[in-house]
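> heads up, no residue letters with this:
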Ligand code: UDP
Ligand code: MG
C-alpha cells in the first residue's frame, strides 16, 4: 500500500477544475458529465473537499455554449469576447477561490483519469504538477514534427519549458496568488508557470482524440502561439540578428575575393543575389525587432488582460 505523506498541504483541498471553452456546444455537456463523475469519485475518497467544483470559462463563444453552461452546476464565467485559450485559463485561475486548480481542455483530449494522480502529487507536497503526453499517436505527422522542432528550439533558446506539456496541469493557490499579481499582457502560461519555481513534478498520460467538434487551432494559429511564446520569453532571436550581420560581412568579403579571382562570373548576378539576400534579412530583422517593440507597446497600454461580461455562480 502506498502511504501518502501529508506535508503542510491540507488533507482535503478545494479543487477547482478550470475548463476554457470556445464554441464547444457539441461536447461541453459530455465534458461536464465526465468531469463531474471524476470530481464525485475524488470527493467520496476524501482526496478533495466536498466544496470542490468545476469552473467553465466561455471565451466569447458564438454558438450555444454559454446557454448550456448556464444550465450546469458549475461556476460559469463569460468573457466579453474571444481572448484566446491562454487568457481564458488565466481568467479561470484568477477568478476562482480554491486550494488547487487543474486546467484542462474542454474536448477532454487530455486523459482525465490522471486528475487523481495529480491530486495525489499535491498531497505529496508538490505545488505544480505538469500533465505530460507520452504519446502523440492521435496527432498528424506534421503536428508531431512541428511540436518536436518547437520543443528543441525552446531548449536552444534557453527557455524553461516542459517538453510535451500543454495546458493540462495542477497548480496550487500559491501559484494563482502570484498569477493574480502579474501585470503581464503577453500571456504564455506554459512559460510563466515554469519560470515561477516551486516544487513541481510530472504525470504522464496518453493524448486522446477530440470528443467531437473541431480543433480551434490551424497551422497559422499554432505558428502564432509558438512565435508569441518564444518572443515572450527569449531575446535570443535578437542576438541571432547580430550573428547574421557578422555572417553577412564575412560572406561579402569571401564573395568579393571569389570575384577577384574568377572574373568570368557576372558582376550583375552577384550584385542582384546579394542585394536580395541581404534585403530579405534586413526585412526579417526589422520585423523581428518590431515584434518585441509591439510587445512593449502592449504592456505599456495596460489594457485589461481579459474582460468578464457575466458570471454564473453556484
Ligand atoms: N479555446 C479557447 N479559446 C480559443 C481557442 C480554444 O478557450 O480561442 C479552448 C477550446 O475550447 C478547448 C481548448 O481551448 O477547450 C483547446 O482547444 P483545441 O482543442 O481546439 O486545441 P487543440 O487540442 O487542437 O490544440
Ligand atoms: Mg483539443
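That came through, no problem. All of these numbers come straight from a predicted model, not from anything done at the bench. Ligands and ions are numbered 1, 2, ... in the order given.

> can you give me the helices for the stretch 51-200 of the chain?
For the stretch 51-200 of the chain, the helices defined by DSSP state H, counting those that start in this stretch occupy 65-71, 85-95, 115-123, 141-156, 173-180, 189-196.

> please convert those helices to CSV, extending it with distance to ligand 1 and mean neighbour count.
The way it works is simple: take the backbone N, C-alpha and C, and place the C-beta from them, glycine included. As requested, the helices of the stretch 51-200 of the chain are exported to CSV (distance: least, CB to the nearest ligand atom, whole Å; neighbours: other CB atoms under 10 Å):
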stretch, distance to ligand 1, mean neighbour count
helix 65-71, 8, 18
helix 85-95, 4, 23
helix 115-123, 16, 21
helix 141-156, 9, 14
helix 173-180, 17, 16
helix 189-196, 12, 19
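
> could you dump those to JSON lines with distance to residue 310 and mean pLDDT?
Output for the helices of the stretch 51-200 of the chain, formatted as JSON lines (distance: least, CB to CB, whole Å; pLDDT from 0 to 100):
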{"stretch": "helix 65-71", "distance to residue 310": "8", "mean pLDDT": "94"}
{"stretch": "helix 85-95", "distance to residue 310": "12", "mean pLDDT": "95"}
{"stretch": "helix 115-123", "distance to residue 310": "27", "mean pLDDT": "94"}
{"stretch": "helix 141-156", "distance to residue 310": "35", "mean pLDDT": "78"}
{"stretch": "helix 173-180", "distance to residue 310": "21", "mean pLDDT": "93"}
{"stretch": "helix 189-196", "distance to residue 310": "24", "mean pLDDT": "86"}
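
> kindly reformat those helices as TSV and extend each row with distance to residue 231.
Formatted as TSV, those follow (distance: least, CB to CB, whole Å):
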stretch	distance to residue 231
helix 65-71	31
helix 85-95	14
helix 115-123	30
helix 141-156	12
helix 173-180	20
helix 189-196	11
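
> what's the closest of these to ligand 2?
When the helices of the stretch 51-200 of the chain are compared by CB to the ion, helix 85-95 sits nearest ligand 2, at 9.5 Å.

> for that closest one, packing partners?
Counting contacts by 3 or more CB pairs under 8 Å, 6 or more residues apart in numbering; DSSP states H and E, helix 85-95 packs against strand 15-21, strand 53-58, strand 75-79, strand 100-103, strand 165-172, helix 173-180, helix 189-196, strand 308-312.

> residues in contact with it?
16, 18-22, 55, 57, 59, 77, 79, 83, 101, 103, 167, 171, 175-176, 179-180, 187-189, 216, 305-306, 308, 311 (CB atoms under 8 Å, 6 or more residues apart in numbering).

> just the buried ones from those residues, in ChimeraX syntax?
Buried subset of the contacts of helix 85-95, written as a ChimeraX selection, criterion 16 or more other CB atoms under 10 Å:
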select :16,18,19,20,21,22,55,57,59,77,79,83,101,103,167,171,175,176,179,187,188,189,216,305,306
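
> ok, back up a step: could you dump the helices of the stretch 51-200 of the chain to CSV with distance to ligand 2?
Putting the helices of the stretch 51-200 of the chain into CSV (distance: least, CB to the ion, whole Å) gives the following:
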stretch, distance to ligand 2
helix 65-71, 15
helix 85-95, 10
helix 115-123, 17
helix 141-156, 11
helix 173-180, 23
helix 189-196, 15
